[in-house]
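1. everything below, folded, please.
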Amino acid sequence: MELNKIFLGDCLEILKQSLMVSLMRYVGFKMKDSGYFLMFTDWRQLPIATDTAQMADLIWF
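-> Here you go, the predicted model:
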């Protein structure tokens, strides 16, 4: 039972990712062609952040 408290809310990652993809796609449509998209993330969320940026059709450098 104590172990479950550590991972509380961990199953909501896919919901967060779908929300972020929608938000990034909206921002990508509003940006100019030469615009920059900057995102700050925790190192633990970096893999899902890169996947989200790629799914939103943003160029990854």
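
2. show me what contacts S22?
-> For S22, the contact set (Cβ atoms under 8 Å, 6 or more residues apart in numbering) is empty. In short, each C-beta sits where N, CA and C put it, glycine included.

3. what comes up buried for the strand or helix carrying V27?
-> Element membership for V27 (DSSP states H and E) is helix 13-30. Neighbour-count burial for helix 13-30 flags 17, 20-21, 24 (criterion: 16 or more other Cβ atoms under 10 Å).

4. so the most centrally placed residue in the chain, which state does it fall into?
-> Taking Cα atoms, centre = their mean, the centroid of the chain lies closest to A49, which sits 3.9 Å from it. Three-state assignment for A49 (DSSP: H, G, I helix; E, B strand; the rest coil): helix.

5. and if you look at Q45?
-> helix.

6. was I right to think the residue nearest to the centre of the chain contacts T41?
-> Yes: using Cβ atoms under 8 Å, A49 is in contact with T41, at 4.4 Å.

7. before we move on, the earlier item: what about the helix holding V27, average pLDDT?
-> Averaging pLDDT along helix 13-30 yields 80.

8. next one: the residue nearest to the centre of the chain from K32, what distance?
-> 22 Å (Cβ to Cβ, to the nearest Å).

9. report how many residues lie close to A53.
-> 19 (other Cβ atoms under 10 Å).

10. and the angle for the strand or helix carrying it with helix 13-30?
-> According to DSSP H and E, A53 maps onto helix 46-55. Inter-element angle recorded for helix 46-55 and helix 13-30: 40 degrees (by axes from the mean of the first three to the mean of the last three Cα atoms, to 10 degrees).
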